[in-house]
Structures are given as C-alpha cells and as structure tokens.
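**Q** with the sequence up front, the predicted model follows.
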Protein chains: 8
Amino acid sequence: MNRRVAIVMGSDTDWPTVEAAYQALDEMGIEAEVHVLSAHRSPEALREFVQGAEDRGIAVIIAAAGGAAHLPGVIAADTPLPVIGIPIETSTMGGLDSLLSISQMPGGVPVATMAIGVAGARNAGLFAARILALDDESVRERVAQYREKLAEQMAEKNRRLQARLSDEAAAPKK
Amino acid sequence: MNRRVAIVMGSDTDWPTVEAAYQALDEMGIEAEVHVLSAHRSPEALREFVQGAEDRGIAVIIAAAGGAAHLPGVIAADTPLPVIGIPIETSTMGGLDSLLSISQMPGGVPVATMAIGVAGARNAGLFAARILALDDESVRERVAQYREKLAEQMAEKNRRLQARLSDEAAAPKK
Amino acid sequence: MNRRVAIVMGSDTDWPTVEAAYQALDEMGIEAEVHVLSAHRSPEALREFVQGAEDRGIAVIIAAAGGAAHLPGVIAADTPLPVIGIPIETSTMGGLDSLLSISQMPGGVPVATMAIGVAGARNAGLFAARILALDDESVRERVAQYREKLAEQMAEKNRRLQARLSDEAAAPKK
Amino acid sequence: MNRRVAIVMGSDTDWPTVEAAYQALDEMGIEAEVHVLSAHRSPEALREFVQGAEDRGIAVIIAAAGGAAHLPGVIAADTPLPVIGIPIETSTMGGLDSLLSISQMPGGVPVATMAIGVAGARNAGLFAARILALDDESVRERVAQYREKLAEQMAEKNRRLQARLSDEAAAPKK
Amino acid sequence: MNRRVAIVMGSDTDWPTVEAAYQALDEMGIEAEVHVLSAHRSPEALREFVQGAEDRGIAVIIAAAGGAAHLPGVIAADTPLPVIGIPIETSTMGGLDSLLSISQMPGGVPVATMAIGVAGARNAGLFAARILALDDESVRERVAQYREKLAEQMAEKNRRLQARLSDEAAAPKK
Amino acid sequence: MNRRVAIVMGSDTDWPTVEAAYQALDEMGIEAEVHVLSAHRSPEALREFVQGAEDRGIAVIIAAAGGAAHLPGVIAADTPLPVIGIPIETSTMGGLDSLLSISQMPGGVPVATMAIGVAGARNAGLFAARILALDDESVRERVAQYREKLAEQMAEKNRRLQARLSDEAAAPKK
Amino acid sequence: MNRRVAIVMGSDTDWPTVEAAYQALDEMGIEAEVHVLSAHRSPEALREFVQGAEDRGIAVIIAAAGGAAHLPGVIAADTPLPVIGIPIETSTMGGLDSLLSISQMPGGVPVATMAIGVAGARNAGLFAARILALDDESVRERVAQYREKLAEQMAEKNRRLQARLSDEAAAPKK
Amino acid sequence: MNRRVAIVMGSDTDWPTVEAAYQALDEMGIEAEVHVLSAHRSPEALREFVQGAEDRGIAVIIAAAGGAAHLPGVIAADTPLPVIGIPIETSTMGGLDSLLSISQMPGGVPVATMAIGVAGARNAGLFAARILALDDESVRERVAQYREKLAEQMAEKNRRLQARLSDEAAAPKK
C-alpha cells in the first residue's frame, strides 16, 4: 500500500490552519508533503500534480480551501485516491461558504469534509491515519495510543478542575 | 469581436433552468451552443472544450451548476473570456450552496454570478447580450428594445389590474 | 486488511436515502451490512455493535443521521476505524442541521462528512471504495472503471442534447 | 427528591461560559458539581458518570458543548433525568452549529436547550432551580426573590437613565 | 408537588404539531390541559391564565408558537414555573425564526427549547415527564419503561431490516 | 394629534445603539422620552407604561431589543399606537435572531422593523418623523430639509473624492 | 391630513400576497389604490408615480417585492412619506433575501419592514391604519374594534378547543 | 467601442474595499472614474449620472454597496450597459445581506455579482477587463499576462514553502 499523504492548500495564507494536519500526520508517524496549488490560479500545475500523485506513492490527498472552495472537489475529479477537504474559515461568512462548497459534492465524486478551521485540519490528518491504519500496524498502534491519550487528557483536566473548585470552596468567601 | 456564446451545464437535468438563458440569447439575436460538461465527472472533456473555446469563436461562456457548484470557477480558471455563472436551485438548501460556491471566488479569477434559478438563467443570457452589445449595433438595438418592452409589459399589467379592481369596485358586494 | 463495510442509520425511515450507499458498495464489489441503531434511542446496542466492529472484520463504518445528528460522531468516539457521515435531509432545515451536527467535530475525533441526502449517501459508498481500493486490486479496478463510466455518461448526455437541439433547429418554427 | 445538579462540559475551555450556570445555582442555594467529560474524547468516563448520576443523588444534569455539540443529547440517551443543554459560542458560526446540534433532537429523547453562550449558561442554572423549586420551599423562595430583584434592577436602571437624560437636558448645549 | 401540565399554543392551527405533546403526557400518565392563548392577540387572557396557573395546580407550562414566537418567553416572564417552548415550523423559514425567537432568551428568564415541529412537541411532553418523575414514583416508572420501549423498537426495526435484506439477497437477481 | 415619541429598550446596554434614534428625533424637532423596560424582566412595569402611553400623549413607540427580541411585539399587543422595532446586534448571530424575532409577527399585530443596529436606530427616529410629519408642518419641513441635506452630503463627499483622486493622479508615481 | 394609501407591487404575481394588505385597509375604512410598478423594469413610471404621490393625496405607501427587493427602499428615497415594505416569499430562499433587501436600509432612508408573506401584507395594511388613526377618529375606532375582535376570536377558538377535548375525553376510548 | 469604466459606491466609507477594483483596472490599462452616489440618499444625482454614462463613453459600470444593497440593481435598471456589483462586507451579517440584495435580481435586469469584499472588488475590475478585452488587443494581452503571473506567483509561493519545510526538516528537533 502507498503510505505518503499529500497536503494541498489553495493559498499559502492557509498554512496556520493547515499546519495542524501536518502535525497530526507527524504524530501518527506518517510521511507528508505539502503544496501550494490553486484550482483557480494555477490549474495546470494542480492537474499535473494530482494526476501524478498515485504513481509517486501518494495514498491520500488532503486539500484545504476557503470561500468558493473548489480545490478538494477538483482534485477528487482527477484522481481515484481518497480526498479529504478542510474548509478554511472566511472573514465574511465564518467558513460556511467553504463548508458548503466542499461538502455538497454531486453523486459520483466523493470528498470527505472535515470541520471548518484548525479542528478540521487536525482531524484531516487523523482521518488519513485511520485510513492508513487499516493496513499498517504501526499507524494502527499510534491511532490507538492517541485515542487513549485523549481520554487521559480529559481525565487530567477533570482532576485539575475538581482540585480548583475544591480549593475555592475551602477558601474563605470574599 | 467574437460573437458566439457557449452555455455549459454540469448536468442535463439543469436544462429546464438553463433553457431560459438559451431563449434570452435567441431573443437578442445571438448564436449559442449548449454543452453538458462536468467539472467533476468529465474534467478532461471540460478542459478540452474550455481551452479551445476562444479559438472556436466563443466570446462569452455561461456556466450553470448546483450544490458544490465548481463549474463556472473552474472554467474561469482555464480561459481569459468572461464567464457568467448560474446557481441552480437545490432541494436541500434552495440554492444557497450553489450561490456561495459560485460567487465567493478568490481575487484573480472573476465569475459573474446571477440569481438562483430561472431568473438568473434568463439574466445570464441578457448579461451576455449587454456585453456583446458594446461592439454590435444589432444586439445593442435588441437590448434597447427589450428594455422598452419590459416597461411596456409592466404598464400593461398595471392597466389590467386597474381595470379588474375598478370592475370589482363597481360590482355589487357579495 | 478488513474488507467489509457497515452502514448504520439512526432511523429505518432513512433507508430511501441510505440505500444509495448500499448500492454503491455493491457496484464496487464490496460486502456490506446494514443496521438500525440510534445514538439516542438504543445507545447500549450501538456501543456493543461499534466496539465489536473491528474484530468482526469491519474496515469502514458509514453512519447516517438527521437533525441533531450525533450518530457518526458517537461512533467515531468508540472505534479507531474510519467513519463516514451522511447528513439526512430534514423537512425544517433542509439538512443544514444534520450537516453541521456531523461536520463540526472537535479536533481529535474525525468524521468524513458527505453531502446532504442521496448524493451524499452514494458518495459515502464510493468513498469507502476509494479507501478499500488502496489495498485491494479488484476494488481499485472497479473505482477506475466507474470513473471512466461517469465521463462516458456525460459524453452520451451531451451527444443526446446536441441531437435534440439540432433537431429543434431544423424543425419549422411554431 | 434528589437535590444536587451536575454540570458537565465537553472542554475545560468552556468554563468561562459555564461558570454562569454554577453561579446561578449557588445564588439559588443549590448544590452543584462540575465535570469535564467529552462524548467524543472520553466516552467511557462519560457513560460511567451519567449512568451512576441518579444513584449518587443528582436530580438534573446541565451539559455544555460547542460545534457538533453531542454532549447533552448523548447524556439524555443514558439517563432518565432532565438534561439541560448550553450551546457554546463558536468562532466560525457564532454557535448556530452548537444550537442546532443540541436543539434538533429526535422525538423520544428530550434536551432542554438554552440560549447560546453566557446568557444561556445562567439560564441553565435558573431553569434547574425552577425544576427543583417544584418540591423545595427554600429554592422556591429564592426563585421568587430573584424574579423580584430582576424587576427591581430594571427599575433602578430606568431611574438612572432618567436622571442622566434630565441632567443632559438641563446642561447648557455644547 | 403540583402534578398537572398546561399546554398553551398561540394559534389553534398549531394543534397538529402540539397534539404530540398532549399524547406524550397521556402516555406518561400526566394530566394535561390545553389552551389557545396568544401573546399578541389576547395578551390580557394570557396574563390572567399564566399568573393563576401555579395556584390552580399547574407544575409545568408547555408553550408552542411560530415565527416571532414570543409566547414561551412572555409566559416565563409571568410565572416562576418551568416553561418549555416548542418552535412551530414556518412555511417561509422552516421554523428557524421560531427556534431563535424561543431559544435566544436573555439571562434571567429561562425557557427550555425543544426541536422544531412534531419531534419537539413530543419531547416537550417527555421533558415535562422527566421533571415530574423527580418526585413521582409512577411517572418515574413510565419514563423508565418508555426508554426501554424505545430501545426495543429500534431492535425490532433492526431485525425487520435484516430479514428484508437477507430475503432480497436470497431472491434471484432481476 | 399626539406629538411625543417614547423609546423603550430592553436593556440599558442597548443605549449606544438606541441613542441614534433619540438624536434623530431631536434633529427633527420631536420631543422624546426614553425608558428601560423589559418584556421579560419587568413585565408589570412595561404593561403599565404601554397601556398608559396613549393617554399621556405618546403618538409613536420605538422599541429596541436583542436576541429573542420580544419587546416590540409585546408592546404592539398592548397598544393601538404604531410601534417601531430596532433589532439590536448580537455577538453570536450578528442580530439575525433579533431581526427575525421582531419582523416575523403574526397577522393582526404589526411592528415596523428597521435595520439591525445603529442605522436601524437612526431610521426608527426618522420613520417616526415621517409619521408625525403627516400632520405637523414643522416636522414636515425638517424631514424635507434632512432629505436635501443627505443629497448635499453625498455630493460633497463625491467632490472630495474627485479632488483626492485627481491629486493622486497629478502626483508623481511612487 | 392626507388619507389615501397607495400599494405598489413589483410584479402582478405578488397580488395573492398583497391582496391581504388591500383587504386590511378596506376593513379599516381606508381608501386604497394599487399599482404594478417595478424599480427595475419600469423605473421611469415608478419615479413619476412616487414623486407625485404626496400631491395626489397619498399619505402612506406600501410596497411589496421579492428577491433583490429594492422597491420599498427606492420609493423611500423619492418621497418623504412613510413607506412600509412587504417581503414576498421566494421559492429558493423562503423570502430571507426579500427580508434582508428590505430591512437592512442605510441610516437616513427608513423603510418599515413587515413579516414575510401574507401575514406581513395584512400587517402592512394594519400598520398604515395605526398611522392614520393618529389623526382620524373613525380609523381609530376601527383599529380599537379590530383589536377587541382579535382577542374575541382567540377566546372563541379556545372555547371550541375545550369543547372538543372534553368531548374526546367523554367518548369511550377506541 | 467605449473604453472607460465607471465605479460607483454608495458610501465613501466603501473606498478601502472598492479601491481594489480601481487598482485592478489600472493594472489592466483601463481608464476609470469613481463616484460616490447613493440609490437612497442621492437618487437624482445617481439617475443623472447613469443615464448620461453611455454618451460620455462609459462601457461598463461597477457598483459597490452594502446591506440593502440596491445600487447595482437600480443602475442596471437605468442603463443598457453591463453592470457589475460588489457586495460590501457588513458588520452584522458579514455581507450576506449585501450579496443577496445584489445577486437575487428578477429576470430582465441582470447584474454581475462578485464575491463579498476586497476579493470581489478586485474581480470586478478584472471582469470588466475580460469584457473590454473582447475588442481591445492591448487589454487582451494584459489579461493574458496577468493570468500567467497568477500561476507564476503560486509556483513561487510553493517553492518558498518547500524550502522552508525542508529547512525545518533538516534542523535539529527541539
């Protein structure tokens, strides 16, 4: 099975959001490459990249775009690989335009849409890991460990809250 | 100046809407061709068509699509010609998804968005006519006549309403 | 690698939508099972199913729900497998509530959201196929053939439209 | 009758909002406990807590969550107690996603949804008080006093406004 | 503790929705009364009713309204009892206007908002039952039985689906 | 004819918005009074005020509220006077909730809704002036002068822009 | 004071909605005229009408329009009279576009927006009546009577509901 | 063919957005004039300008407005020239009101809507250039060069990203 993941973003200004996908892949032990390629401003370069992706060992493509966010859908039209879309937050609509432009794909050409913004970017990386884990023992283990860590962190946060509340209760009232 | 207009729709089920653009062009004396081509399902055929459009004498491209409506933007990325977008009404969102997917284009690649549905399709044809009228006396005359006809029709509708209301006022009350 | 896909729906009334996922999996040669299980009405049965899914050979879970559509997210919390969500159309909000309830997941627990309604259901099946195709030659071939068929169908629809328009042009005007 | 209220939040970052519920309960003389527990990140711990709540003397559960806000609905599925939901404001959608994810519950599993944000959190505490007041004389009195205080505060604010406006009217015009 | 529930609706045309609340209360063994009273068209009659409700043995008030749905909030302003709001579906906005008008109450005056339409009406009845169950053994039992019945029904629906799918699989393909 | 206008706001924090109505009335030479009165927090005081308004010489009532903005509708239910509503901007929904809560009144009880925020508040004052101008020569003159002033200001702004642009054009390019 | 009201609609297809305004005026004993005039299709005829309205004895103008509903605002720009706007329901957006296009006027040029559709049209007539009642004893009486009738009708509907429910309770259970 | 473009804005505060249209025209070598003219505050001056535009050598009109954004539609009603609309971002609704007020024009009077805000303003200038390029060799060349420059810039940004990522990979981990 191919193992690498490619992340494509429509604008380099999306990086502060998209970086969360890159980091999640790194935490899951998955090799990733990142590209700035636009469905609108550099369509030729995009096509060339997408059509060659499979042969270059890419297994999953993550694409981030905002506004009239055509990038994930246009990529999904040019490759048989699974494509994951990250809707970038927009100043005018909060990213609702990005979300609808990515999720409302016609039957036949699927895109896996994540949440708007950084949470969605992180989950794009984690979803790619869940896919690759199907056939990769080491990724599978990292996914499992990560799920345990999440529960751990919640438990730790809960303990800290209990401690703080009980301190406040013990303190003399102002 | 080129004179023909090409209408592209993402699905043949869009024809009942798109037909209004075709008819408006016909009324304005403009030659038009119509194609079913999808940014997602037939990307290769679409590219071939769009990149050859200018050389084949196309001056303006009208593109209709619904949902994650990428067609007009993807066309505008591949041609220097003016591209007009028609958002198709969708059953789930009334066409708001189509409207946002077409109108919220990034700076650099303009698409001229019309209203959702049939009114927008008719206006796509009329807008193409306003463009071509800039350099074509006969289209200019048709555009002028059409504007007068619109005002005429309103006046006629008003007269009919007045007649009906005055008939009702004259009639013995039930 | 596991090969089976499980489809879960929150209500049996979702079947007319969800069936499109089932059919797409069948077309792709993927074995599927379907369950009616609710995050709200039968939480115990749901948990039991989800926590046992991986061991029973399930590779991907598709979950459909409407309104406060918690099913896909709740499943993703209980399994490391990739989970695909189908937002069911709702009479009051057209499915916008379902879409947001499914897509806006917090960082850490990814759900792959598809379009609202039947198109989304079909794409859920096709997306599962793109995942399984990564490690299954026969699914990979079916995915490739399907993509060609889509382009074919568009071309055929275009030919029929051209024929009809040219017939109409040849016919004496009414 | 049980008397304690449990407040659960999906993330400790929700505390600045949720604190208003805690304070309202305190003002109404109702004992409360607070927990950080997530439907997605710590589902096991959440279940354990919810299923044991009634036996531990909890009468009402208040749950706050944002985005794909499944927490209140998932809790309501696992307990017969009244569950009150607080939609947390989100940066991208202002909390509309949270509101719909909490309020649009299917028939059979009710959640009492409050307003988005701090006002909703305060009202969650007050609504729990209105419930407990049905069988608790001392809470009933506090609820009654609070309602009078609200009217008082409005009257006081009105008096201050009148004073200021009449001062400004008396002052020589700039 | 008071035991009766009052259901108030802003228009008698809301009955097909509101009836589901009435039936749910009946199933839970709770006595209910129903009134047509409008915050806008019969404000005097409404006030009289609301201010006398507690003394007449009403424990919970359920209020249904659509559009600029002020009824639940106006009732909550005039009584210390818990008030549950049902947003009625509207033809123009699907009930989003009703939902926001009911849920976005200011801090100080809580209303427990249910889902838009029939599901919300049913849940209004069930939520009232969860409140009354806190101090009423017989209602508590009915709530518990109902929760079991819900899970049962889901299991039964699942069995029927499995049977149908396995019949279809066994049947010779068309 | 009565001549005074009463402005009511649901919270004293609305004053920065509502002040624009007060100033517009002042500019139009109309006497105004301002009150902090809430449909939810001080319903008794509100009723008393509204029901006595006509007798105290109030001709028009302007009411501002945000969120579940019931104030204008509740006032309109208790008086035959024209009521003008100002939707206050909200942090979560931008004031869409306020707008819908005020504008979507049922047939029978009209409220004249203005734009969200300061522009709407100013227009509330100006609309009251347009009403009073019908029977008051001096207000009519002020309304007429104001309309001329608006056009003047636009012309002046246009002149300044032309000057600036022509200065920039004359300046040596950087 | 002028006494007549003019109703203007942007399209004769709006009549089924607008008629409710006409009927309300008739019930209130107010003389009305109706015109089909469009801000877009017959701008000259519209201007002529609006600029002459005051001199012809029109006191209030009611304007109905849908979609990009510019009619009420454009009228308000050309007359000092009070202008009331009716947002027409649209098939694609339910009338949200009409509502925003009418209500979100800039400071300086007020339009009194009513609810979307028939309820709004009825209220437009009733709001005009509330304005004219300020200086017309006979309209004032009709407005007062109407308000009483509304309350009466609600009371009657309530009585009928009580009768039906008590009949059903008396009937032997099926 | 006429060659000049006129930019009209409803308020001088729109200039920071509208300037992007002016600059794009300048880059494309197209002469432009800018005016502050309002459909609501200076309707007479606007009419005079629009009706004389064609004779003064204007080929395309760009109009920017926010909120109840009537300017582009009102201009399109008074001229046969192509009109391009820029929806200005609004503080309350992010510009959704502007977008709908501009795009949802009735059949017969087309307006070419661009994206909300600065990107839309830039595209308005570029779209005018695409129109004028149809009959102007020098503009056509600039449009072509600009499209190449866009692709170049993307490629350059991609190279810089690759360099940075490879530097980070080479750097010793913190």
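**A** Good, I have the coordinates.
**Q** gap between the residue nearest the centre of chain A and D:A68?
**A** Centroid-nearest residue in chain A: A:A124, 2.1 Å away (criterion: CA atoms, centre = their mean). Distance from A:A124 to D:A68, counting by CB to CB, to the nearest Å: 15 Å. For every residue, glycine as well, the C-beta is placed using N, CA and C.
**Q** secondary structure element holding the residue nearest to the centre of chain A?
**A** Assigned by DSSP states H and E, A:A124 belongs to helix A:118-133.
**Q** and for A:V50?
**A** Secondary-structure element containing A:V50, defined by DSSP H and E: helix A:43-53.
**Q** give the other helices and strands that that helix contacts.
**A** Applying 3 or more CB pairs under 8 Å, 6 or more residues apart in numbering or on different chains; DSSP states H and E, we find helix A:43-53 packed against strand A:4-9, helix A:71-78, helix B:71-78, helix H:137-170.
**Q** repeat the analysis, applying 6 Å as the threshold.
**A** On a contact count with 3 or more CB pairs under 6 Å, 6 or more residues apart in numbering or on different chains; DSSP states H and E, helix A:43-53 meets helix A:71-78.
**Q** and the helix it packs on with chain H, contact?
**A** No. Against chain H, helix A:71-78 shows no contacts by CB under 6 Å from any CB of the partner chain, the least distance being 11.9 Å.
**Q** what's that helix packed up against?
**A** Judged by 3+ CB pairs under 6 Å, 6+ apart, helix A:71-78 is in contact with helix A:43-53, strand A:58-65, strand A:83-87.
**Q** deepest of those, which one?
**A** strand A:83-87 (a mean of 31; mean count of other CB atoms under 10 Å in any protein chain shown).
**Q** and A:G66, how far from B:V36?
**A** Distance, A:G66 to B:V36, by CB to CB: 29 Å.
**Q** who has more neighbours out of these two?
**A** Using other CB atoms under 10 Å in any protein chain shown, the more surrounded residue of A:G66 and B:V36 is A:G66, with 29 against 26.
**Q** quick one on the thing from earlier: could you give the average pLDDT over the helix holding A:V50?
**A** Averaging pLDDT along helix A:43-53 gives 97.
**Q** list the contacts for A:A68?
**A** A:A68 sits next to A:S101, B:G73, B:S101, B:Q104, B:M105 when contact means CB atoms under 6 Å, 6 or more residues apart in numbering or on different chains.
**Q** check contacts around the nearest residue to A:L126 once chain neighbours are set aside.
**A** Spatial nearest neighbour of A:L126, chain neighbours left out: C:P110 (4.8 Å); criterion: CB to CB, 6 or more residues apart in numbering or on different chains. Contact partners of C:P110, counting by CB under 6 Å, 6+ apart, are A:N123, A:L126, A:F127.
**Q** and which of those is nearest G:E27?
**A** Comparing those against G:E27 with CB to CB picks out A:N123 as the nearest, at 58.7 Å.
**Q** just the element for the residue lying closest to the closest one once chain neighbours are set aside, please.
**A** Nearest non-adjacent residue to A:N123, counting by CB to CB, 6+ apart: C:P110, 3.6 Å away. Counting by DSSP H and E, there is no helix or strand that carries C:P110.
**Q** give me phi/psi at C:P110?
**A** Per-residue torsions, C:P110: phi -80, psi 140 (degrees, to the nearest 10).
**Q** kindly provide the distance from it to chain F.
**A** In this view, C:P110 and chain F are 26 Å apart by CB to the nearest CB, to the nearest Å.
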